[in-house]
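1. Dropping the sequence and predicted coords here.
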Amino acid sequence: MLFMVIEHFDQARVKDVYARFRERGRMAPAGVRYVDSWVSADLGRCFQVMECGDVALLQEWVLQWSDLARFEIVPVASSKATAEAVAKQF
């Protein structure tokens, strides 16, 4: 399953976030796959797409970063998959 992970950063801690990432990597447990990410122009948010079959693994990952960021996790489907599901209704 795909998840849109929205990380909210305290802009005063952005350098800390990137320092930890350089030192330790993403720190995602086995079973959580990084797909892609984008950072807002003001450095206040990072939007990541992650793939995972067990939401508890995402929670485990969030705990590794919870001192530096606040997280929103939204299950998502691709536009193609959604269009196919909707097409079945016609």
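-> Structure's in. What do you need?

2. now residue 60: how far from residue 87?
-> 36 Å (Cβ to Cβ, to the nearest Å). Every C-beta, even on glycine, is put in place using the N, C-alpha and C of the backbone.

3. distance of residue 52 from residue 72?
-> Relative to residue 72, and taking Cβ to Cβ, residue 52 is found at 15 Å.

4. where exactly do the helices run in this structure?
-> When assigned using DSSP state H, the helices of the chain occupy the ranges 14-24, 55-65, 79-87.

5. which of those helices sits most buried?
-> Counting by mean count of other Cβ atoms under 10 Å, helix 55-65 has the highest mean neighbour count of the helices of the chain, with a mean of 15.

6. now the angle from it to helix 14-24?
-> Comparing the axes of helix 55-65 and helix 14-24 via axes from the mean of the first three to the mean of the last three Cα atoms, to 10 degrees yields an angle of 110 degrees.

7. For helix 55-65, list the C-alpha coordinates in PDB.
-> This file holds the C-alpha atoms of helix 55-65, laid out as PDB (Å, rounded to 0.1, in the frame of the first residue of the first chain):
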ATOM      1  CA  VAL A  55       1.200   0.400   9.100                       C
ATOM      2  CA  ALA A  56       2.900  -0.500  12.300                       C
ATOM      3  CA  LEU A  57       6.200  -0.400  10.500                       C
ATOM      4  CA  LEU A  58       5.500   3.200   9.400                       C
ATOM      5  CA  GLN A  59       4.800   4.000  13.100                       C
ATOM      6  CA  GLU A  60       8.100   2.400  14.100                       C
ATOM      7  CA  TRP A  61       9.800   4.600  11.500                       C
ATOM      8  CA  VAL A  62       8.000   7.800  12.600                       C
ATOM      9  CA  LEU A  63       9.200   7.200  16.200                       C
ATOM     10  CA  GLN A  64      12.800   7.400  14.900                       C
ATOM     11  CA  TRP A  65      12.200  11.000  13.800                       C
END
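
8. neighbour count winner among residue 52 and residue 72?
-> Residue environment comparison for residue 52 versus residue 72 gives the larger neighbour count to residue 52, 20 against 12, counting by other Cβ atoms under 10 Å.

9. which residues touch that one?
-> Residues in contact with residue 52 (Cβ atoms under 8 Å, 6 or more residues apart in numbering) are 1, 3, 31, 32, 33, 58.

10. Much appreciated, bye for now.
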